[in-house]
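[1] Quick one, structure for this:
(2 chains)
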2 protein chains.
Amino acid sequence: MYWSKSFIYTAKKAPAEAESISHKLMLRTSMIKMLISGVYSYLPFGLRVLDNINKIIREEMNASGAQELLLPALQPIEIWQKTKRDEQLGEVMIRFQDRRGRKLCLGPTHEEVITELVSRYVQSYRDLPVILYQIQTKFRDELRPRFGIVRSCEFFMKDAYSFDKDIEGLNKIYDRMYEAYENIFRRCGLNFLSIKADPGVIGGDISHEFLVPAESGEDVVYKCSGCGHFQGEQEAETKLCPHCKKNMIKVNALEVGHVFKLGTKYSDVFNLKYLDESGKENPVIMGCYGIGISRLIPAIIEQNNDKDGIIWPKEVAPYDVLVLPVNITDKDIFDSSKKVYEVLKKKKIKAILDDRDLRAGIKFKDADLLGIPLIVTIGAKFLKDKKLEIKSRRTKEVKFFDIDQIDKVIRDAK
Amino acid sequence: MYWSKSFIYTAKKAPAEAESISHKLMLRTSMIKMLISGVYSYLPFGLRVLDNINKIIREEMNASGAQELLLPALQPIEIWQKTKRDEQLGEVMIRFQDRRGRKLCLGPTHEEVITELVSRYVQSYRDLPVILYQIQTKFRDELRPRFGIVRSCEFFMKDAYSFDKDIEGLNKIYDRMYEAYENIFRRCGLNFLSIKADPGVIGGDISHEFLVPAESGEDVVYKCSGCGHFQGEQEAETKLCPHCKKNMIKVNALEVGHVFKLGTKYSDVFNLKYLDESGKENPVIMGCYGIGISRLIPAIIEQNNDKDGIIWPKEVAPYDVLVLPVNITDKDIFDSSKKVYEVLKKKKIKAILDDRDLRAGIKFKDADLLGIPLIVTIGAKFLKDKKLEIKSRRTKEVKFFDIDQIDKVIRDAK
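    Predicted coordinates:
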């Protein structure tokens, strides 16, 4: 992508209403744009990050044996009345009546829909276990939207649902999902922790939350003032770090995932049963597993930034390399930059060429703001030595490489 | 994927309410499942087709220079009042009020949102042209949903919007989009035609519809009784085929795409202007370009089926190859089948192994129903000759190949 043809716009300052560092940086880099309070458009630069996160989630979910489907946002109120969650969700759930008088809602979650659906297909032990997931838009009538896409009225979630014969089966899947979640958050470049949590309105006996220490979080965790080790509130009761015995300090954390052992709460209501090997009917044992995809982006930014801008972790970065000609009016420099860009493109490296006719200083500042992991500067030095001058956005180290070393440089980048 | 672990279920008959052949086949192959009238879940087998179509659309849109973004479904009524489309859309648009008293709707299209958005960024001729598109969920309060996902209340669309300096620029982009559409529909395996159309509620001067002759279509086109040539109503006035002079016969057609030259209808309302080279302010000239993604699936099925089931065109097929052991209780046959499956998987060929303990006759019938392009039968003959027995679902031809020829067989398949 040539920057001049892209829909990327940078701003020196964020609007006053942006509270958190992630919200500010997302606005300053044209990742998102507010339509009305709590409702955002994802612009091309932001969507690339969302797509990368979705790719990671799909890879890890598929590897865990889950299968993707897509459930509707429109749901009939009746199924929510059956589980009595209609009342529990109250005004948070968006409701309306259609022309034919049907009472509908926009599903804030899909336990009811998936359980009813699976009950139409699963009949025997041979059909189990099965894990189904979707990446889908959720809606909430949020009274106080905050921090950009951290708490908004329309957002993306990955929700998975597991179905098995017994508790042992559920426990195995739960552990597998737990592991998949650790892989997902690690690949997203996040520091995270998990704690036992209250299942709340979702229900079931046991649940774990995945938390990311972050300024815009509304949960609280404890961080060791010495080694930086994180703990949940329950584990941190003694208030001394188990590793280095230093004091633990309260910090904000954002809930990015939640896994639940549901048991038979939903299968009982929707009569989801299976026949076992002996022909006996048993209830299907369920689990459910959510990730708040939209808020992963601010979580990543809050843990990966400095005073100059964003520092994208490799796997979620919108581009791998930013090629920066210091002066496009110098034909040799500009031509060389285009050639370097073409080589990168041919190697399937995601590159952006800053072909804007601006002062080098402005372009360097914008490069730091956007946070692309590697910045290749093309100037007089390149014309002389033909070596790529590559700056790591994270370490700020500058090194020189031949262009055919670029794959290795990207692989080794921090 | 092993069939026994998949969420694929086949049915001998479709429910009585399924009217069209595509609706019947989608239900019989567990591609979709109705939640309530006009609202469907996409099950794993159906979602794979949707994903393939989306991949084709993204490739062609990106190649045409368009950039993907993602706009919200929730929209304030005010922007619809500005363009007076609030009234025009009437009850088709789903509306409600949120807890804070905001009047919201679920956007059936996004001209208002995108024009307002682009006006926040585009200021100068240097920012133009720009083409933005999204693949997104649309909502309609549909009084009479029909033919499964052909006319439903929640569906997927690709909508693109172009912005340029003048009519010449618009014309060029319009032609480029037109070409991208031809590529998309051709890659989807569709017979299609385009005709001049009434811009309707979208507006603008000139528009073209892309139509796919199909049983469940609600438009009408003409087909030559001799050579099969298709024509729109306007061009078919003389009623004789221009190629072979045979009679033209009325057939149903489904609208799958529509492109519009909007001009300044929306940029005038949202004050979307740019400064030209001389510093003069001019309105931005817009176009918009839609594809009804959900209904592409039934359109493809209606043009690609026989009495036994679906015949997927190569690029949209949920799997490339179905491996069918005639008897899984025969250890040699089952082991060989698994080995063949592993080889295909290693070659990144999308394969499904029918590991169900069922009679070969049932499995062959199911294979024809699912419509995977190539069916590899593993039986006694394979154990003897070690040659793959490959049946083309479309031509029904059976041929024998060495396993390392499989890439070429897939490439050459019809």
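[2] Tell me the spacing between A:Ile135 and B:Lys399.
    From A:Ile135 across to B:Lys399, the span is 40 Å (CB to CB, to the nearest Å). (Each C-beta comes from the backbone N, C-alpha and C, glycine too.)
[3] Neighbour count: those two, which is higher?
    A:Ile135 (18 against 13; other CB atoms under 10 Å in any protein chain shown).
[4] Tell me who's in contact with that one.
    Applying CB atoms under 8 Å, 6 or more residues apart in numbering or on different chains to A:Ile135 gives the contacts A:Asn54, A:Ile57, A:Arg58, A:Glu68, A:Phe156, A:Met157, A:Lys158, A:Ile293.
[5] does the one helix or strand the third one maps to come close to chain B?
    Which is A:Arg58. Per DSSP states H and E, A:Arg58 falls inside helix A:44-63. Yes - Helix A:44-63 is in contact with chain B by CB under 8 Å from any CB of the partner chain, via A:Pro44, A:Leu47, A:Leu50.
[6] Can you give me the pLDDT of the last one?
    Right, A:Leu50. What the model reports for A:Leu50 is a pLDDT of 98.
[7] so where do the helices sit in the stretch 1-150 of chain A?
    Assigned by DSSP state H, counting those that start in this stretch, the stretch 1-150 of chain A shows helices spanning A:21-28, A:44-63, A:77-82, A:85-89, A:111-119.
[8] just checking, A:Leu190 touches A:Gln303?
    Yes - A:Leu190 is within contact range of A:Gln303, at 6.1 Å (criterion: CB atoms under 8 Å).
[9] Identify the contacts common to the two.
    Residues touching both A:Leu190 and A:Gln303 (CB under 8 Å, 6+ apart) are A:Val212.
[10] list the helices and strands the helix holding A:Arg58 packs on?
    Where contact means 3 or more CB pairs under 8 Å, 6 or more residues apart in numbering or on different chains; DSSP states H and E, helix A:44-63 is packed against strand A:67-68, strand A:130-139, strand A:154-164, helix A:167-187, helix A:293-303, strand B:67-68.
[11] Name the nearest residue to A:Ser337, ignoring sequence neighbours.
    Leaving aside its sequence neighbours, A:Ser337 sits nearest to A:Pro325 (CB to CB, 6 or more residues apart in numbering or on different chains; 3.8 Å).
[12] Get me the contact residues on the stretch 151-300 of chain A for chain B.
    For the stretch 151-300 of chain A, the contact set with chain B under CB under 8 Å from any CB comprises A:Cys153, A:Glu154.
[13] closest to A:Lys245 out of the helices and strands packed on helix A:44-63?
    helix A:293-303 (25.4 Å; CB to CB).
[14] And the next helix or strand after the closest one, what does it pack against?
    Next in sequence after helix A:293-303, counting helices and strands by DSSP H and E, comes strand A:305-306. Judged by 3+ CB pairs under 8 Å, 6+ apart, strand A:305-306 is in contact with helix A:21-28.
[15] And the helix it packs on, what's buried?
    Within helix A:21-28, the residues scored as buried using 16 or more other CB atoms under 10 Å in any protein chain shown are A:Ile21, A:Ser22, A:His23, A:Lys24, A:Leu25, A:Met26, A:Leu27, A:Arg28.
[16] what comes into contact with it?
    Contacts for helix A:21-28 (CB under 8 Å, 6+ apart): A:10-15, A:18, A:31-33, A:46, A:147-150, A:214-216, A:297-299, A:301-302, A:305, A:309-310, A:369.
[17] The stretch 201-350 of chain A: helices as residue ranges?
    For the stretch 201-350 of chain A, the helices defined by DSSP H, counting those that start in this stretch occupy A:265-269, A:293-303, A:331-346.
[18] Next secondary structure after the last one?
    If you walk from helix A:331-346 toward the C-terminus, the next helix or strand you reach (DSSP H and E) is strand A:351-353.
[19] For the following helix or strand past that next one, C-alpha coordinates in CSV please.
    The helix or strand immediately downstream of strand A:351-353 is helix A:360-370, counting by DSSP H and E. The C-alpha coordinates for helix A:360-370 follow below in CSV (Å, rounded to 0.1, in the frame of the first residue of the first chain):
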residue,chain,number,x,y,z
ALA,A,360,11.4,13.6,6.8
GLY,A,361,10.9,14.7,10.4
ILE,A,362,7.1,14.6,10.1
LYS,A,363,7.3,11.2,8.4
PHE,A,364,9.5,9.7,11.2
LYS,A,365,7.1,11.1,13.8
ASP,A,366,4.2,9.5,12.0
ALA,A,367,6.1,6.2,11.7
ASP,A,368,6.5,6.1,15.4
LEU,A,369,2.9,7.0,16.0
LEU,A,370,1.6,4.2,13.7
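[20] following helix A:360-370, which helix or strand comes up?
    Going down the chain from helix A:360-370, the next helix or strand is strand A:374-378, by DSSP H and E.
[21] ok so, going back, I figured the residue nearest to A:Ser337 hits A:Ile333, correct?
    Yes - counting by CB under 8 Å, A:Pro325 touches A:Ile333, with 4.9 Å between them.
[22] The two: who's more crowded?
    Set side by side, A:Pro325 and A:Ile333 show more neighbours around A:Pro325, with 27 against 18, by other CB under 10 Å.
[23] Just want to check the distance between the more buried one and A:Ile362.
    Applying CB to CB to A:Pro325 and A:Ile362 gives a distance of 13 Å.
[24] Domain parsing of chain A, as residue ranges.
    With automatic domain parsing as the criterion, the domains of chain A are listed as A:3-306, A:319-412.
[25] and among the ones you listed, the most buried is which?
    Most buried of these, by mean neighbour count (mean count of other CB atoms under 10 Å in any protein chain shown): domain A:3-306, with a mean of 19.
[26] neighbouring strands for the longest strand along chain A, and are they parallel or not?
    If each strand of chain A is counted by residues according to DSSP state E, the longest one is strand A:248-263. Sheet pairing here is set by DSSP bridges, and for strand A:248-263 it gives strand A:206-213 (antiparallel), strand A:219-224 (antiparallel), strand A:285-292 (antiparallel).
[27] which one of the ones you listed has the lowest average pLDDT?
    For those, mean pLDDT drops lowest on strand A:219-224, to a mean of 90.
[28] To B:Asp354, which of the helices of the stretch 201-350 of chain A lies closest?
    Taking CB to CB, helix A:265-269 is the member of these nearest to B:Asp354, at 28.6 Å.
[29] Please state the mean pLDDT value computed over the closest one.
    Computed over helix A:265-269, the mean pLDDT rounds to 97.
[30] by contact count, what packs against it?
    Helix A:265-269 is packed against helix A:111-119, strand A:285-292, with contacts defined by 3+ CB pairs under 8 Å, 6+ apart.
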